[in-house]
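K.L.:
heads up, no residue letters with this:
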């Protein structure tokens with residue numbers, strides 16, 4: 001963690017939590033913590049494996065990493 005007032009270390013995860021809340025949490029009323037936990041786990045899999053990102057050349061994060069590693073080797 002960075003010192004108070006320096007948010008650079010937290011920017012990536014804060015962005016992810018914002019996206020998670022807007023694309024998942026605010027769209028559904030949850031009846032239990034277990035139901036929310038299950039949906040969060042499924043959403044993280046979707047976010048990494050299937051969600052297309054324009055800033056990653058139209059690939060998911062997993063596809064982008066595999067493409068990048070293949071081009072380095």
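P.N.:
All right, it came through fine. In this text the structure is predicted, and so the values were computed from the model without any measurement.

K.L.:
switch to C-alpha atoms for all contacts and neighbour counts from now on
P.N.:
Fine.

K.L.:
for the longest helix along the chain, which positions count as buried?
P.N.:
In the chain, taking DSSP state H as the definition, the longest helix is helix 33-49. Under the neighbour-count criterion of 16 or more other Cα atoms under 10 Å, helix 33-49 has 36, 40, 43, 47 buried.

K.L.:
Roughly how far does residue 52 sit from residue 63?
P.N.:
Distance from residue 52 to residue 63, counting by Cα to Cα, to the nearest Å: 9 Å.

K.L.:
One more: residue 43?
P.N.:
17 Å.

K.L.:
Low-confidence ranges, the protein, go.
P.N.:
Within the chain, the stretches with pLDDT under 70 are 1-9, 73.

K.L.:
switch the cut-off to 90
P.N.:
Within the chain, the stretches with pLDDT under 90 are 1-15, 47-73.

K.L.:
Tell me which stretches of it form helices.
P.N.:
Under DSSP H, the chain gives helices at 11-23, 33-49, 61-72.

K.L.:
Report the contact partners of residue 11.
P.N.:
Applying Cα atoms under 8 Å, 6 or more residues apart in numbering to residue 11 gives no contacts.

K.L.:
what's the neighbour count on residue 27?
P.N.:
Residues lying near residue 27 (other Cα atoms under 10 Å) number 9.
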